[in-house]
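Generate coordinates for the sequence data below:
(one chain, ligands or ions: 2)
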Amino acid sequence: MKEKILVVDDEKVILQLTSMILRNKGFDVVTAESGQEGLEVLAREPVPLVLLDYMMPVMDGMTALRHIKERYPATYVIMFTGKGSEEIAVELMKAGASDYVLKPFKNQDLLDRIENVLLIRRIELHNQELRAEIEKWNQELEQRVAEKSAELERAQMEIIQAEKLAAFGHLSAGMAHEIRNPLNSISLFAQILHSGLADNAELREYPEKIIKEVDRIDGILRKLLNASKRPHLELSGVDLAEEIRRALDLFEAQIRLQGVEVETDIAPHVPLIQADSHEISQIFNNLIVNALYEMPHGGRLRIVLRHDAQFIHIDLSDSGRGIPKENLYRVFDPFFTTKERGTGLGLSVVLRIIKGYGGRINVESGEGQGTTFHIQLPLMPS
Ligand SMILES: Nc1ncnc2c1ncn2[C@@H]1O[C@H](COP(=O)(O)OP(=O)(O)OP(=O)(O)O)[C@@H](O)[C@H]1O
Ligand SMILES: [Mg+2]
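Ligands and ions are numbered 1, 2, ... in the order given. Take a look at the predicted model:
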């Protein structure tokens, strides 16, 4: 069966004549006596080709042509025009007609043009399909490149993190020990001075200050040691949901005081993991301290816990100021801090602990967009 052709002409004789010629050639022909009627036919069924008369009452051929090309771009149109109207023909072609035939026409000429336009139509539609397919491939390719690049970047970040962690571990454990001994002596001598100055209230203040500052240094060293090496671990089955609740309880007063809203989304039946519960609580404590610090005048703290076949996933988000892009890769660095009295060890400790269990942590944040830490812990320790 050949393609369907719609013939639109207000002259019945022309309609009959053309239909006959076309049917003889095996085309499936539908006819319409006005532009309006032609459009109704097209609304009912798709038609690849329309033969459209230019001179028609009510809706002229040009208007009908514009409607057709606008609504049915895959329908091609050949116009019938009267002799002496070549200029109009140019306008018709500009408006989207594929060809025009001057009336009266020779049968063979009409058929040649129809075959020709139908051929062009097939090629153009096929090209469009190919272009759409290529476009789709391009998009898929771009998407895959983006995914792979992100994966690569993550992997590189992890390597860098691991290297930093190892170097930092060695250095800080050694340094902390070395510093702690002379620090002890300083503290001891300061205490002796302090007791010797029992009757000099003014001077007594100085050894007191020394002792206080020495304590501060000792606190930092303790954190440093904590961040760099795994202390003796006591493994047991740890319920993360329980740990999250406990951590939130610990900060309850501060949360209330700052007007922070807490939202938890804790999936039921998350399996226990073999871990040291003290270490796990440090993860939550350090992350929550940081989050609350960023929301002094209220905000939202959200903790999500879920699991799949291999991992436990924890997301901890705050609606605080967020981390500027240039700091994003530095927050896990030991001693990186933007706080006046921060030591910059909180996240190093978190990272060290998570790595210790074969897990991962990454951060997603933008200035003014809050911050989310994503943690992934393997269900089976590797
Ligand atoms: N939730 C957060 N929102 C915005 N910035 C954060 C957040 N958590 C961490 N940061 C940034 O990362 C830095 C490092 O955090 P980290 O916890 O390691 O150290 P710290 O909080 O500065 O000091 P501390 O040793 O007392 O924890 C912070 O100073 C801060 O700039
Ligand atoms: Mg911190």
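
Burial check on Y76, number of neighbours?
24 (other C-beta atoms under 10 Å). C-beta coordinates here come from the backbone N, C-alpha and C atoms, glycine included.

nope, G26 is what I meant
9.

That one in helix, strand or coil?
coil (DSSP: H, G, I helix; E, B strand; the rest coil).

That one against K2, yeah?
Yes - with contact defined as C-beta atoms under 8 Å, G26 counts as touching K2 (4.4 Å).

Tell me where this structure has helices.
Remark: helices assigned in the chain by DSSP state H are 12-24, 35-44, 61-71, 86-94, 107-196, 201-228, 240-250, 252-258, 277-293, 346-356.

Deepest-packed of these, please.
helix 346-356 (a mean of 21; mean count of other C-beta atoms under 10 Å).

So which elements touch it?
helix 107-196, helix 201-228, helix 277-293, strand 360-365 (3 or more C-beta pairs under 8 Å, 6 or more residues apart in numbering; DSSP states H and E).

how about 6 Å then?
helix 201-228, helix 277-293 (3 or more C-beta pairs under 6 Å, 6 or more residues apart in numbering; DSSP states H and E).

Output the shortest one as CSV - backbone C-alpha positions only.
Once non-C-alpha atoms are left out, helix 277-293 reads as follows in CSV (Å, rounded to 0.1, in the frame of the first residue of the first chain):
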residue,chain,number,x,y,z
SER,A,277,31.1,2.3,71.0
HIS,A,278,33.3,5.0,72.4
GLU,A,279,34.8,5.6,69.0
ILE,A,280,31.3,5.6,67.4
SER,A,281,30.0,8.2,69.8
GLN,A,282,33.0,10.4,69.0
ILE,A,283,31.9,10.4,65.4
PHE,A,284,28.5,11.8,66.3
ASN,A,285,29.7,14.1,69.0
ASN,A,286,32.3,15.8,66.8
LEU,A,287,29.9,16.2,63.9
ILE,A,288,27.1,17.5,66.1
VAL,A,289,29.4,19.9,67.9
ASN,A,290,30.4,21.3,64.5
ALA,A,291,26.9,21.5,63.2
LEU,A,292,25.6,23.3,66.3
TYR,A,293,28.5,25.7,66.1
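
what about that helix, distance to the chain center?
27 Å (C-alpha atoms, centre = their mean, to the nearest Å).

same deal with stretch 373-382?
22 Å.

cool, stretch 66-85 as well?
So, by C-alpha atoms, centre = their mean, the centroid of stretch 66-85 is 46 Å from its chain's centroid.

what is the mean pLDDT for that stretch?
Mean per-residue pLDDT for stretch 66-85: 92.

From the centre of the chain, give me the residue that's furthest out.
D199 (68.4 Å; C-alpha atoms, centre = their mean).

backbone phi and psi for that residue, please?
phi -100, psi 10 (degrees, to the nearest 10).

For the remainder of this discussion, apply numbering that starts at 78.
Got it, the first residue is 78 from now on, which makes the last one we talked about D276.
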